[in-house]
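A.B. asks: pasting the structure only:
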């Protein structure tokens, strides 16, 4: 039975490139996908595009493509990526320019359009957001972007036209893998069982190193070898959609039943109804079997008709977060940090700074689990051990930049205004992008593949 080999080249916007190049050179691949978008990533990219219409694609696009194109010269694997982010056209044009400079004039590059509906968002202001159950118009911040999670159609169209590289914006993550399977095997868009199986393959590849043990490793409990050399996964999928996950023998990490099971459950709310633009996948009867060393086969996946809507992420300016950090060491470290907090609380009151929310953390003491849980655990593990180093962090949420900036300023003032021994101050202001999700009929999106 014919099979298609698809490698994972990235699992998030800032992922490593070396494991991907290793896969291109050694993995005997037909395709490699680079999944580089998260909910807020594309809104941040939209902001950059506003400032410069030639930008808005992934920050590492040129760095990655420089190495990808060099590898492609000798290992012509077909490449599919959502690194186009808010500006797939500009990314494709940059890729064309880079390819031509390397003498790769014959490489066929396409980009996919249709996910960005920012200019038409006024039509949907009465739509109910999934997070708040209120109309979109109730959002208090300035709206930056609106991008729908489109499906595999545009990628399939590009592959049919002979694309070597397909660059998209916001598509559903597993669509990057499903599209080449639809194209290679000629799957019908009504064959929901096979489509559901293709979605499972994409779901396993979309986070790259997670399914080869990166997010599984827990020293002393769940060992993963050579994590410093973690390899990215390969999905080998047959005409019926049966998927086997493996990795390069030379790479670190592992492919085990338990690792794959953890990744299947990742971000799944209802295993019977995993909604995607192309199909509602059913993972409820999935079977995971170790079929060889670092080789796991997954069966039992089904699917049903999609619901006819595309989830659309609306990015908006939510707030500013002002932050300041300072460290105290040696004897009395925690008491000094607690005194510093007391000083800050009084200073914020004196200067009449108003926050929507403010929190104080003693990093190493209570910053992860909160005061009640963390101190309880600490007292059981180290009942007589006094903290010899503590880092105080204060972060405040506010509507205006000036107030946020003053948070770090007051922390910095602790240098000379006490208590003693403070050092290593850092301060910052973050412009926070919020996300609201609405469901828009799929028919409202006009998806197309465009050559450059």
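C.D. replies: On my side now, so go ahead. These numbers come from a predicted model, not from an experiment.
A.B. asks: in what helix or strand does residue 92 lie?
C.D. replies: helix 88-101 (DSSP states H and E).
A.B. asks: For that helix, which outside residues touch it?
C.D. replies: Under the contact criterion C-beta atoms under 8 Å, 6 or more residues apart in numbering, helix 88-101 has outside partners 49, 53-58, 61-62, 65-66, 69, 83-85, 105, 107, 109-113, 165, 167-169, 450, 452. Just so you know, the C-beta spots here come from the backbone N, C-alpha and C atoms, and that holds for glycine as well.
A.B. asks: Name every strand pairing with the helix or strand containing residue 166 and say which way it goes.
C.D. replies: Element membership of residue 166, judged by DSSP H and E, is strand 165-167. Its sheet considered, strand 165-167 pairs with strand 78-81 (parallel), strand 109-113 (parallel) by DSSP bridges.
A.B. asks: Tell me where this protein has helices.
C.D. replies: In the chain, the helices defined using DSSP state H lie at 18-26, 41-51, 61-74, 88-101, 153-160, 175-185, 192-205, 257-265, 333-350, 371-381, 401-412, 414-417.
A.B. asks: so where's the stretch 351-452 of the chain uncertain?
C.D. replies: Along the stretch 351-452 of the chain, the model assigns pLDDT under 70 to residues 366-386.
A.B. asks: And the strands in it?
C.D. replies: Under the criterion DSSP state E, counting those that start in this stretch, the stretch 351-452 of the chain contains strands at 357-363, 389-398, 423-441, 448-451.
A.B. asks: Can you add distance to residue 136 and give these back as JSON lines?
C.D. replies: Output for the strands of the stretch 351-452 of the chain, formatted as JSON lines (distance: least, C-beta to C-beta, whole Å):
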{"stretch": "strand 357-363", "distance to residue 136": "23"}
{"stretch": "strand 389-398", "distance to residue 136": "22"}
{"stretch": "strand 423-441", "distance to residue 136": "6"}
{"stretch": "strand 448-451", "distance to residue 136": "26"}
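A.B. asks: can the ones you listed go into JSON lines with extra columns for mean neighbour count and distance to residue 151?
C.D. replies: Output for the strands of the stretch 351-452 of the chain, formatted as JSON lines (neighbours: other C-beta atoms under 10 Å; distance: least, C-beta to C-beta, whole Å):
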{"stretch": "strand 357-363", "mean neighbour count": "17", "distance to residue 151": "38"}
{"stretch": "strand 389-398", "mean neighbour count": "21", "distance to residue 151": "36"}
{"stretch": "strand 423-441", "mean neighbour count": "16", "distance to residue 151": "13"}
{"stretch": "strand 448-451", "mean neighbour count": "16", "distance to residue 151": "13"}
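A.B. asks: Go through those and name the closest to residue 408.
C.D. replies: strand 423-441 (2.4 Å; C-beta to C-beta).
A.B. asks: circling back to that earlier point, only the buried residues of the strand holding residue 166, if you could.
C.D. replies: 165, 166, 167 (16 or more other C-beta atoms under 10 Å).
A.B. asks: re the thing from before, buried residues in the helix holding residue 92, which are they?
C.D. replies: Neighbour-count burial for helix 88-101 [16+ other C-beta under 10 Å]: 88, 89, 90, 91, 92, 93, 94, 95, 96, 98, 99.
A.B. asks: in the protein, which segments are predicted with low confidence?
C.D. replies: 366-386.
A.B. asks: Residue for residue, what is the longest strand it has?
C.D. replies: strand 309-329 (DSSP state E).
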